[in-house]
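Colleague: I need the structure of the sequence given here:
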Amino acid sequence: MPEQPEPPQTPAPGGADASARHEPSRRPVKAVLFDFHGTLAQVEEPREWVLKAAAACGVTLDRARATALADRLLTAGRAGGPLPARVPPRLAELWSARDLYPHAHRGAYTGLAETVDAGIEGFAEALYERVLIPDGWVPYPDTAPTLAALRDAGVRVAVVSNIGFDLRPLFDAWQLTGLVDAFVLSYEVGRCKPDPGIFLRACGMLGVDPEETLMVGDTPADAGAAAAGCAVLVLPCADAGRPNGLGAVLDLALPS
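Modeller: Numbering: from 1, shown residues only. Model (predicted):
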């Protein structure tokens with residue numbers, strides 16, 4: 001049998017290149033908002049956290065005991081670490097306000113640490129103090145290069161964090177403060193992610209429109225920036241010292 005002729009092709013409305021014209025438009029990125037924990041830096045390895053806190057109390061732990069204590073403390077809830085498996089009722093109010101008031105942040109996390117009986121006087125406070133100092137954190141390998149590349153390209157940068165203490169001393173110690181234009185910390189602005197208000201506040205501090213802003217984080221709370229009109233990039237949270245894909249920000253924020 002003779003082959004059936006192919007049906008005539010109907011041209012796309014507007015011409016052959018109409019599909020190209022219908023691709024989503026992309027506004028240039030003028031600012032990038034970064035989450036802190038899990039995005040720019042990670043807390044120190046749990047066993048080292050326990051060993052150094054114990055040493056600050058004048059106690060030397062063997063590594064096996066430190067590992068066991070670290071496992072129990074992570075289950076209880078660590079500042080900058082996993083959420084607690086359970087929040088005791090007596091700590092519920094402090095826990096709910098931990099990212100809005102410094103006293104609540106300290107009280108919640110020292111209270112959780114005190115639920116683990118380590119037999120070391122002052123241990124809960126020593127554990128909390130580790131989160132306040134640069135030595136208690138490890139910036140990701142790509143943090144400094146990524147921030148520097150954005151600064152060189154004229155892209156403004158803010159750190160937007162749900163946190164109950166000041167991050168600026170950490171950035172000072174890491175010599176990164178000069179690469180950040182604004183710190184938008186929940187306890188200072190009275191808003192917590194995913195509330196769109198904290199992202200809008202950050203955009204206002206940077207003098208940019210949300211539609212020209214990229215939010216980079218590692219949790220669904222960071223993705224709340226979409227409700228404020230920002231583009232969002234969610235990266236995997238990596239262990240301390242390991243790359244977390246932060247360099248992908250440059251592919252989105254800088255013109256090729």
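
Colleague: pretty sure residue 163 is in a strand, no?
Modeller: No. Using DSSP: H, G, I helix; E, B strand; the rest coil, the assignment for residue 163 is coil, not a strand.

Colleague: Distance check, it against residue 102.
Modeller: Remark: distance between residue 163 and residue 102 (CB to CB, to the nearest Å) = 9 Å. All C-beta atoms are positioned from the backbone trio N, CA, C, and that covers glycine.

Colleague: Same drill for these two, tell me which one is more crowded.
Modeller: More crowded of residue 163 and residue 102, by other CB atoms under 10 Å: residue 163, with 25 against 14.

Colleague: Show me the common contact partners of residue 163 and residue 102, please.
Modeller: Counting by CB atoms under 8 Å, 6 or more residues apart in numbering, the shared contacts of residue 163 and residue 102 are residue 187.

Colleague: Tell me, how many residues neighbour the residue nearest to residue 178 when sequence neighbours are not counted?
Modeller: Nearest residue to residue 178, sequence neighbours excluded (CB to CB, 6 or more residues apart in numbering): residue 151, at 7.9 Å. Around residue 151 there are 15 other residues, counting by other CB under 10 Å.

Colleague: So for the strand or helix carrying residue 151, mean pLDDT?
Modeller: Counting by DSSP states H and E, the element that carries residue 151 is helix 143-152. For helix 143-152, mean pLDDT rounds to 97.

Colleague: contacting residues around it?
Modeller: 32, 40-41, 157, 174, 176, 178-180, 246-247, 249-250, 253-254.

Colleague: Pull out the CA atoms of it and give them to me as CSV.
Modeller: C-alpha atoms of helix 143-152 as CSV (Å, rounded to 0.1, in the frame of the first residue of the first chain):
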residue,chain,number,x,y,z
THR,A,143,31.6,30.4,51.8
ALA,A,144,34.4,32.9,51.5
PRO,A,145,34.9,32.4,47.7
THR,A,146,31.2,32.7,47.0
LEU,A,147,30.8,35.9,49.1
ALA,A,148,33.9,37.4,47.5
ALA,A,149,32.7,36.6,44.0
LEU,A,150,29.3,38.3,44.7
ARG,A,151,31.1,41.3,46.2
ASP,A,152,33.3,41.6,43.1
